[in-house]
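[1] What follows is a predicted structure for the sequence shown.
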Amino acid sequence: MKLKALVLSVLSLLSVAGTGSAQAQAKEQFFPLLVYRTGPYAPNGTPWANGKQDYLKMVNARDGGVNGVKLAYEECETGYATDKGVECYERLKGKTNTLFDPQATGITFALTDKVQTDKIPLITLGYGLAASQDGGVFKWNFPLMGSYWTAADILIQHIGKLNGGLDKLKGKKIALVYHDSPFGKEPMPLLDERSRTHGFELVKIPVTAPGVEQKSAWLQVRQQRPDYVLLWGWGVMNSTALKEAQATGYPRDKMFGVWWAGAEPDVKDVGEGAKGYHALALNTSGQQPKVIQDILKFVHEKGQGTGPKDEVGSVLYTRGVIIQALGVEAVRRAQERFGKGKVMNSEQVRWGLENLALDAKALDKLGLTGVIRPISTSCQDHMGSTWARVHTWDGSKWNFSSDWYQADEQILKPLIKAAADKYAADKKLTRRTPADCQS
């Protein structure tokens, strides 16, 4: 009887402890952070991850969280590998009440089916599945601010402008040197469509991941002699491509990278050899913006920075800040409907992501004036903005070399709808009803 009483007492204590832990967790908005700080993509993945984490720290330190709800997080290393990314998702999905940012197109593809069942939103800012802009089919995917179709479209617009008009592209040859993965293949439908419309020849040259060996690819470039090269690279592939272009004698000012091939790690080791190289830019860089100043003040000056201070404000670090800021604003937006000061669940956060309305005034309040353009999402549009600029490497720093471009919806809308409809048919999904859009 004494033993039985002791066991019951212990069980009772464990129950109380478990309840207390659950209650403590329930007071926090938990953000799982998938990262790759190791492997060939670490130089690019690390500042991205640091920006995300520092933003969460800053909001907690400066604001006390979101309307009193503290922000919690936990990192999980994926190494940019799809299988490890899925493992991280499975391990952390039970802990999160918010969203996932997979940080890889391959991982996004693998999770897209899962999140529909688990009812957890995915933020894929500037990457992922282009067709998921269609919120009528992809209820849980949010390719905020752009996809690889919008990126490819803007690059063709820019090259057309350099030639005096898109009609002047007829007879030109454009090579796509791409990371041989879902990421690198994603822009192809848009480029194929533009090629048919404007009469340029599209040459597709794959590079085996991670991209440290590219001699055969650049031999093809030398043989094909394209008028322009589009570089769809990530990590070590980008700097290697620029070095191979230099060795091959291909002019860097005829090379245009996607926005994941236009950051400091891509060019700093090449230096003068990358001079004249262009890439898309989703955001500004530098330490002048107020949001960056606040991170320096509330996080780094207190010795709590995630990475080195001089990295703060770099291109990819700033992109990490933006991604996390939009995630936090989705929570704030959800609270406006479901209760300020409350922890939001993932379905409520999904509603917040679908109802973002960040105009110039809201961006100014967030300290993001000039960093990004206003963004407004809806049930049908899970992207909210399709603007980007081109910046050019001068041998020591990036300088903007174009005005803002907006992707051409006349080209994009039919492609997106066709791809979304095909996905829905393949997965036996039905489009969302107007009533579902209100829920």
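    Perfect, thanks for sending it.
[2] residue ranges with poor pLDDT in this protein?
    Counting by pLDDT under 70, the ranges of the chain that qualify are 1-26.
[3] domain assignment for it?
    Domain assignment for the chain, taken from automatic domain parsing, gives 27-146+287-386+418-438, 149-281.
[4] So which residues of the stretch 251-400 of the chain form strands?
    Using DSSP state E, counting those that start in this stretch, the strands found in the stretch 251-400 of the chain span residues 255-257, 278-281, 357-358, 375-376, 387-393, 398-400.
[5] Columns distance to residue 45 and mean neighbour count on top of those strands, output as CSV?
    Just so you know, the C-beta spots here come from the backbone N, C-alpha and C atoms, and that holds for glycine as well. CSV is the format used below for those (distance: least, CB to CB, whole Å; neighbours: other CB atoms under 10 Å):
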stretch, distance to residue 45, mean neighbour count
strand 255-257, 17, 26
strand 278-281, 17, 25
strand 357-358, 26, 18
strand 375-376, 24, 18
strand 387-393, 21, 23
strand 398-400, 19, 14
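[6] Take those strands and write them to JSON lines, including distance to residue 156.
    Below are the strands of the stretch 251-400 of the chain laid out as JSON lines (distance: least, CB to CB, whole Å):
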{"stretch": "strand 255-257", "distance to residue 156": "10"}
{"stretch": "strand 278-281", "distance to residue 156": "12"}
{"stretch": "strand 357-358", "distance to residue 156": "28"}
{"stretch": "strand 375-376", "distance to residue 156": "23"}
{"stretch": "strand 387-393", "distance to residue 156": "12"}
{"stretch": "strand 398-400", "distance to residue 156": "19"}
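[7] Figure out which of those is closest to residue 157.
    Nearest of the strands of the stretch 251-400 of the chain to residue 157, taken as CB to CB: strand 387-393 at 10.0 Å.
[8] what packs against the closest one?
    Applying 3 or more CB pairs under 8 Å, 6 or more residues apart in numbering; DSSP states H and E, we find strand 387-393 packed against helix 148-162, strand 278-281, strand 398-400, strand 405-406.
[9] Now do that strand against helix 148-162, angle only.
    Strand 387-393 runs at 60 degrees relative to helix 148-162, counting by axes from the mean of the first three to the mean of the last three CA atoms, to 10 degrees.
[10] which SS state does the residue nearest the centre of the chain fall under?
    The residue lying closest to the centre of the chain (CA atoms, centre = their mean) is residue 125, at 3.0 Å. Assigned with DSSP: H, G, I helix; E, B strand; the rest coil, residue 125 falls in the coil class.
[11] Would you agree it is in contact with residue 324?
    No. The criterion here is CB atoms under 8 Å, and residue 125 misses it with residue 324 at 9.9 Å.
[12] Phi, psi for the closest residue in space to residue 74 that isn't next to it in sequence please.
    Excluding the flanking residues, the one nearest residue 74 by CB to CB, 6 or more residues apart in numbering is residue 32, at 6.1 Å. Dihedral pair for residue 32: phi -70, psi 140, per degrees, to the nearest 10.
[13] Tell me, how many residues neighbour residue 32?
    Using other CB atoms under 10 Å, residue 32 has 21 other residues around it.
[14] and if you look at the one 3 residues further on?
    Here the neighbour count serves as a burial measure; for residue 35 (other CB under 10 Å) it reads 23.
[15] now do the one 10 residues further on
    Residue 45: 27 surrounding residues under other CB under 10 Å.
[16] Thought residue 35 was touching it, still the case?
    Yes. Between residue 45 and residue 35 there is a contact under CB under 8 Å: 6.3 Å.
[17] Mutual contacts of these two, please.
    Common contact partners of residue 45 and residue 35 (CB atoms under 8 Å, 6 or more residues apart in numbering): residue 103.
[18] how near is the closest residue to residue 92 other than its chain neighbours to residue 81?
    Excluding the flanking residues, the one nearest residue 92 by CB to CB, 6+ apart is residue 32, at 3.9 Å. Here the criterion is CB to CB, to the nearest Å. By it, residue 32 lies 17 Å from residue 81.
[19] Next up, the contacts around the closest residue to residue 158 other than its chain neighbours.
    Distances taken as CB to CB, 6+ apart put residue 390 closest to residue 158, at 5.6 Å, once the chain neighbours are dropped. Residues near residue 390 by CB under 8 Å, 6+ apart: 158, 256, 278-281, 400-402, 405.
[20] go again using 7 Å as the cut-off
    Neighbouring residues of residue 390 by CB atoms under 7 Å, 6 or more residues apart in numbering: 158, 278, 280-281, 401-402.
[21] Tell me the one among those nearest to residue 247.
    Using CB to CB, residue 278 is the member of the contacts of residue 390 that lies nearest residue 247, at 19.5 Å.
[22] from memory that closest one sits against residue 394, does it?
    No. Residue 278 is beyond contact range of residue 394, at 11.1 Å (criterion: CB atoms under 7 Å).
[23] The nearest residue to residue 195 once chain neighbours are set aside: helix or strand, and which one exactly?
    In space, residue 195 comes closest to residue 202 once its chain neighbours are excluded; the distance is 4.3 Å by CB to CB, 6+ apart. Using DSSP states H and E, residue 202 maps to strand 201-207.
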